[in-house]
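Visitor: What follows is a predicted protein model with its sequence.
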Amino acid sequence: MKKFLFLLLVLPVTAFANTALKLDHAPVNVHDHESLQRGARIFVNYCLSCHSAGYMRYNRMQDIGLSEVQIKDNLLFAADKPGELMKVSMRPQEAKAWFGAPPPDLTVIARSRGADWVYTYLRSFYRDDTRPTGWNNTVFDKVGMPHVLHELQGQLAPVYETVTDPEGNKHQVIERLELVKTGKMTPVEYDATVADLVNYLAWMAEPAQTQRMNIGLVVILFLGVFFVVAFYLKKEYWKDIH
């Protein structure tokens, strides 16, 4: 009983601490097929070499306006047939040796982490020579993943500020990140590219969400019409009593 009460006291504090991280809003729009197609191309070219999407099939991208021929010609680099799952050839043992842990499957990462988290994370890498990969992240401290999009974004460097904790101790914390080496894209272009990628990840996490929403609207409309019919039917049946 004491352990249970302790958890009740600790869990709200933990949840509050996790919300202290400021996340940027991800401009997700799963109805924008052009954005989803651009995001799919980025995912295949930059993410699928290490991260799998083992619960997603290539031919499911026909739902975002791509033909099977387009999928074969432009996105099918790690498989032979469009009906195959989006898996990688890298073995987990090799991944653990290179990165310290196997890269996670990204099929539902936008649902488990949240689109805002992924959007902010992909824009928050900075150079850190103390890390094995040479990169760190303000959202995921001591991250094992290298910044695979650095050629697009360029290099960011942290700007520190000194803060004093309640005990009076001073600490150096990152105030912001600033661009010290330009990449192939401007900051605005890079943010738009990441937005497309996150948009695709949000769609991939639940490809049927558009269909589910459409079915939900039809059901609501049906219930609204049926309510009117049921209301007048009830009045007709009970008119002699009332």
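Guide: On my side now, so go ahead.
Visitor: The chain: strands as residue ranges?
Guide: 53-57, 85-86, 125-127, 135-137, 154-164, 170-182 (DSSP state E).
Visitor: Save those as a markdown table, and put in mean neighbour count, mean pLDDT and distance to Leu23 too.
Guide: From N, CA and C alone the C-beta is placed, and that goes for glycine too. Output for these, formatted as a markdown table (neighbours: other Cβ atoms under 10 Å; pLDDT from 0 to 100; distance: least, Cβ to Cβ, whole Å):
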| stretch | mean neighbour count | mean pLDDT | distance to Leu23 |
| --- | --- | --- | --- |
| strand 53-57 | 17 | 94 | 23 |
| strand 85-86 | 20 | 94 | 26 |
| strand 125-127 | 20 | 97 | 15 |
| strand 135-137 | 20 | 96 | 13 |
| strand 154-164 | 13 | 92 | 17 |
| strand 170-182 | 12 | 92 | 15 |
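Visitor: Between those strands, which one is closest to Asp240.
Guide: Closest approach to Asp240 among the strands of the chain (Cβ to Cβ): strand 53-57, 59.1 Å.
Visitor: Any chance of JSON lines for the strands of the chain, columns distance to Lys96?
Guide: Formatted as JSON lines, the strands of the chain follow (distance: least, Cβ to Cβ, whole Å):
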{"stretch": "strand 53-57", "distance to Lys96": "17"}
{"stretch": "strand 85-86", "distance to Lys96": "21"}
{"stretch": "strand 125-127", "distance to Lys96": "22"}
{"stretch": "strand 135-137", "distance to Lys96": "19"}
{"stretch": "strand 154-164", "distance to Lys96": "27"}
{"stretch": "strand 170-182", "distance to Lys96": "29"}
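Visitor: and of those, who's closest to Gly100?
Guide: Of all the strands of the chain, it is strand 135-137 that lies closest to Gly100, at 13.4 Å by Cβ to Cβ.
Visitor: ok, back up a step: out of the strands of the chain, nearest to Ala115?
Guide: It's strand 53-57; of the strands of the chain, that one is closest to Ala115 (Cβ to Cβ) at 15.8 Å.
Visitor: helices or strands next to that closest one in the packing?
Guide: strand 85-86 (3 or more Cβ pairs under 8 Å, 6 or more residues apart in numbering; DSSP states H and E).
Visitor: Give me the contacts around the strand it packs on.
Guide: Identification of contacts with strand 85-86 by Cβ atoms under 8 Å, 6 or more residues apart in numbering yields 48, 52-58, 78-79, 107.
Visitor: same deal with stretch 190-209?
Guide: 26-30, 32, 35-36, 38-40, 42-43, 47, 53, 56, 60, 63-64, 106-111, 115, 118-119, 122-123, 149, 152-154, 183, 185, 212.
Visitor: Buried members of those into PyMOL, please.
Guide: Buried members of the contacts of stretch 190-209, defined by 16 or more other Cβ atoms under 10 Å, are picked up in PyMOL with:
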select buried, resi 26+27+28+30+32+35+36+38+39+40+42+43+47+53+56+60+64+106+107+108+109+110+115+118+119+122+123+149+152+153+154+183+185
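Visitor: thinking again about what came up before, output the contacts of strand 85-86 as CSV; include the columns distance to Lys87.
Guide: Converted to CSV, the contacts of strand 85-86 look like this (distance: Cβ to Cβ, whole Å):
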residue, distance to Lys87
Leu48, 9
Ser52, 5
Ala53, 8
Gly54, 5
Tyr55, 10
Met56, 10
Arg57, 10
Tyr58, 10
Ala78, 7
Ala79, 8
Thr107, 11
